[in-house]
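Participant: sequence-free structure coming up:
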Ligand SMILES: Cc1cc2nc3c(=O)[nH]c(=O)nc-3n(C[C@H](O)[C@H](O)[C@H](O)COP(=O)(O)OP(=O)(O)OC[C@H]3O[C@@H](n4cnc5c(N)ncnc54)[C@H](O)[C@@H]3O)c2cc1C
Ligand SMILES: NC(=O)c1ccc[n+]([C@@H]2O[C@H](COP(=O)([O-])OP(=O)(O)OC[C@H]3O[C@@H](n4cnc5c(N)ncnc54)[C@H](O)[C@@H]3O)[C@@H](O)[C@H]2O)c1
């Protein structure tokens with residue numbers, strides 16, 4: 001007979017989103033049950049951010065060896081020990097895993113059930129031999145790789161982010177389907193490690209980013225030897241012994257791409273099919289579980305957060321969502337998601353980081369806006385570090401309010417932090433002008449951009465005569 005438990009909160013999914021809710025609730029002494037059917041830590045730790053950023057870091061070192069000549073050092077072709085790289089990826093995962101483990105969460109006071117969860121009615125979830133009747137449920141079941149409908153693909157062996165980091169050999173030639181963040185990050189990293197890389201994209205590469213910024217990263221990828229076919233349709237896929245062959249078509253006609261391995265990075269699908277959502281009256285569609293701005297579903301007891309909610313899919317969004325639902329569940333305070341304060345970073349080199357409204361979005365919403373651009377290479381630190389390309393773009397509205405910022409630069413993911421704070425707090429250019437930036441740093445370029453915005457002020461006759469008048473006072 002099933003064991004019935006009645007916690008205050010039942011969280012389904014032990015990824016970034018679910019773990020943040022469970023840890024937050026437990027910290028306030030609230031009884032919480034967490035149900036996870038797979039490995040604790042979810043996609044980010046096991047198949048996403050952590051392994052991909054570890055691989056990218058190794059690839060950056062490989063590239064530094066190649067480019068060393070520019071700095072007066074002996075350059076060379078990096079020798080990649082892929083088995084060692086594979087071991088490093090899994091060492092890094094293993095180093096973080098205890099933080100997300102069943103043991104740690106149990107120690108925090110969370111009851112962890114290791115099984116698959118499914119709603120059996122509007123306020124009951126079945127998980128293994130338990131029935132959980134909670135006051136509130138949080139669905140945080142994440143997403144999985146979407147597999148496109150390509151003729152013949154079912155007969156081809158391919159990789160996804162769930163299997164890529166298990167490879168113990170460097171692919172000789174990796175074909176990647178999809179030039180979103182996953183495809184672009186992995187394309188550059190594998191190319192730098194020495195693989196041949198061809199990317200096929202049906203639309204534009206990094207189509208969610210401001211083209212002025214993404215074009216800088218894409219140029220760097222191409223310069224590094226990644227072959228990228230945009231606006232291209234894949235007509236079919238075939239396995240030819242140890243090789244994968246894709247038949248493609250674009251404005252230039254029909255052509256073939258051959259490689260040793262195929263990575264599908266064509267977007268995500270929500271993990272909600274096996275959740276019994278209909279039994280709980282939870283509306284959903286192909287993109288995810290339908291939620292309002294407060295992340296509540298059509299069943300008032302149930303929230304959906306993170307990737308499964310079908311909005312922005314980032315780890316920091318998962319923890320932002322967790323805070324919003326904790327605020328509502330624990331303190332009964334209203335909360336609304338604000339997507340304009342969420343930074344988005346693609347970890348190419350240079351990185352692309354954006355927060356707030358893009359230039360196009362700002363013009364659509366406010367009409368006339370000011371756009372301030374400064375080339376990164378103009379900064380002293382860029383010169384000392386040999387950074388050749390990059391830009392910061394600040395979009396400002398009335399009274400100099402900072403509406404959005406985009407950066408293409410090495411370390412743009414770090415540089416966007418202060419601008420995320422500025423956008424989240426409705427700060428103005430004047431406030432940025434007033435802070436002291438350390439010299440020489442890449443971040444300084446943002447302040448220089450703002451100063452350039454105020455430069456015409458120094459040429460105004462009224463300002464100059466005011467300065468002259470003030471001379472009479474001594
Ligand atoms: C290659 C790659 C790189 C990425 N890099 C970044 C990055 O650099 N920065 C960034 O911010 N984001 C990155 N992301 C996105 C990020 O990984 C996700 O946005 C994040 O993991 C979402 O967290 P989540 O908790 O919503 O879902 P998940 O991490 O997917 O967790 C969901 C959990 O729910 C469990 N589950 C599912 N169904 C059930 C069920 N019925 N019962 C019980 N448990 C269930 C799953 O086993 C899983 O553990 C990357 C993604 C990929 C694929
Ligand atoms: N740096 C980061 O924060 C980071 C890194 C990786 C992933 N992520 C998140 O993970 C999610 C998934 O990333 P993703 O890159 O897999 O998905 P995505 O949806 O961002 O990009 C997928 C790309 O594949 C293309 N595509 C789809 N089907 C195709 C086909 N048949 N042929 C050719 N191209 C096709 C799409 O046009 C799109 O450009 C994103 O939402 C992203 O937010 C974040």
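Facilitator: Great, that's in hand. Because the structure is predicted, anything quoted here is derived from the model rather than measured. Ligands and ions are numbered 1, 2, ... in the order given.
Participant: what about residue 3, neighbour count?
Facilitator: Other residues near residue 3 number 9, with proximity taken as other Cβ atoms under 10 Å. Yep, even glycine has a C-beta here, placed from its N, CA and C like the rest.
Participant: quick one: the nearest residue to it once chain neighbours are set aside from residue 116, how far?
Facilitator: Closest residue in space to residue 3, ignoring its immediate chain neighbours: residue 130 at 5.2 Å, by Cβ to Cβ, 6 or more residues apart in numbering. Remark: distance between residue 130 and residue 116 (Cβ to Cβ, to the nearest Å) = 11 Å.
Participant: before we move on, the earlier item: just to check, the residue nearest to residue 3 is in contact with residue 5?
Facilitator: Yes - between residue 130 and residue 5 there is a contact under Cβ atoms under 8 Å: 6.0 Å.
Participant: What's opposite the residue nearest to residue 3 in the beta bridge?
Facilitator: Per DSSP bridges, the residues bridged to residue 130 are residue 3, residue 127.
Participant: Can you give me the neighbour number for it?
Facilitator: Neighbours of residue 130 using other Cβ under 10 Å come to 18.
Participant: Next up, the contacts around it.
Facilitator: 2-5, 113, 115 (Cβ atoms under 8 Å, 6 or more residues apart in numbering).
Participant: and the two most separated of those?
Facilitator: 4 and 115 (15.3 Å; Cβ to Cβ).
Participant: ok, these two, which is more surrounded?
Facilitator: When neighbours are counted by other Cβ under 10 Å, residue 4 and residue 115 differ, and residue 115 comes out ahead with 13 against 10.
Participant: so is the more buried one in a helix, a strand, or just coil?
Facilitator: coil (DSSP: H, G, I helix; E, B strand; the rest coil).
Participant: contacting residues for it?
Facilitator: 35, 37, 127-128, 130.
Participant: Next: residue 312.
Facilitator: Going by Cβ under 8 Å, 6+ apart, residue 312 touches 339, 342, 344.
Participant: Just the buried subset of those, please.
Facilitator: With burial judged by 16 or more other Cβ atoms under 10 Å, the buried subset of the contacts of residue 312 is 342, 344.
Participant: Mind pulling up the pLDDT for the residue nearest the centre of the chain?
Facilitator: For the chain, the residue nearest the mean C-alpha position is residue 314 (4.4 Å; Cα atoms, centre = their mean). According to the prediction, residue 314 has pLDDT 98.
Participant: Correct me if wrong: it contacts residue 347.
Facilitator: No - using Cβ under 8 Å, residue 314 is not in contact with residue 347; the gap is 11.8 Å.
Participant: so of the contacts of residue 312, which ones are in strands?
Facilitator: residue 344 (DSSP state E).
Participant: Is it possible to get a markdown table of the contacts of residue 312 that adds distance to residue 104 and pLDDT?
Facilitator: Shown next, in a markdown table, are the contacts of residue 312 (distance: Cβ to Cβ, whole Å; pLDDT from 0 to 100):
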| residue | distance to residue 104 | pLDDT |
| --- | --- | --- |
| 339 | 31 | 96 |
| 342 | 27 | 98 |
| 344 | 29 | 98 |
